[in-house]
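Colleague: for reference, the sequence and a predicted model appear below.
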Amino acid sequence: MQGELRELQGVWAVTSLELDGAPLGDAAFSAAKIAVKGNNFTSVGMGAIYRGTLEVDATKKPKSLSMRFTEGPETGNTNRGIYELEGDIWKLCLSMTGGPAPTKFATSAGSGCALETLRREKQP
């Protein structure tokens, strides 16, 4: 397993979420989490469970990722994005429409992008 993917292992809680330029209130994502094990992910939130595979490329600037959905409402879709990882904070900006990855950590009305900040959950 490559180094950066190794750093993403664990359970991540969503601490902020913005869609198409509009921040969502805490209630919309209060229980949302992404668990990464190997190159697989499970995402729980917004009333659904999503599963798939995760690919990262830490050599790009900004770093890039692809989430390929194999189970759940997005089955068959791939979301491309960019990310930053600083310790226990994981920030990602994803195209939710299957288009090319965003080039900056921002969304705007009609962009089809989501900007998420996640915090690693401490293991007991």
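Modeller: That came through fine.
Colleague: what residue lies at the spatial centre of the chain?
Modeller: The centre of the chain sits closest to residue 92, judged by Cα atoms, centre = their mean, with a distance of 5.4 Å.
Colleague: identify the residues contacting the host helix or strand of that residue?
Modeller: Counting by DSSP states H and E, the element that carries residue 92 is strand 89-95. Residues outside strand 89-95 that contact it (Cβ atoms under 8 Å, 6 or more residues apart in numbering) are 8, 12, 65, 67, 79-85, 101-102, 104-107, 112-120. From N, CA and C alone the C-beta is placed, and that goes for glycine too.
Colleague: just the buried ones from those residues, in PyMOL syntax?
Modeller: Provided next is the PyMOL selection string for whichever of those are buried by 16 or more other Cβ atoms under 10 Å:
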select buried, resi 8+12+65+67+79+80+81+82+83+85+101+102+105+107+112+113+114+115+116+117+118+120
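Colleague: the contacts of strand 89-95 in strands, which ones?
Modeller: 12, 65, 67, 79-85, 113-120 (DSSP state E).
Colleague: so what's the spatially closest residue to residue 70 that is not a sequence neighbour bridging to?
Modeller: Using Cβ to Cβ, 6 or more residues apart in numbering and skipping the chain neighbours, the partner closest in space to residue 70 is residue 52 (4.7 Å). Beta bridges link residue 52 to residue 41, residue 69, judged by DSSP bridges.
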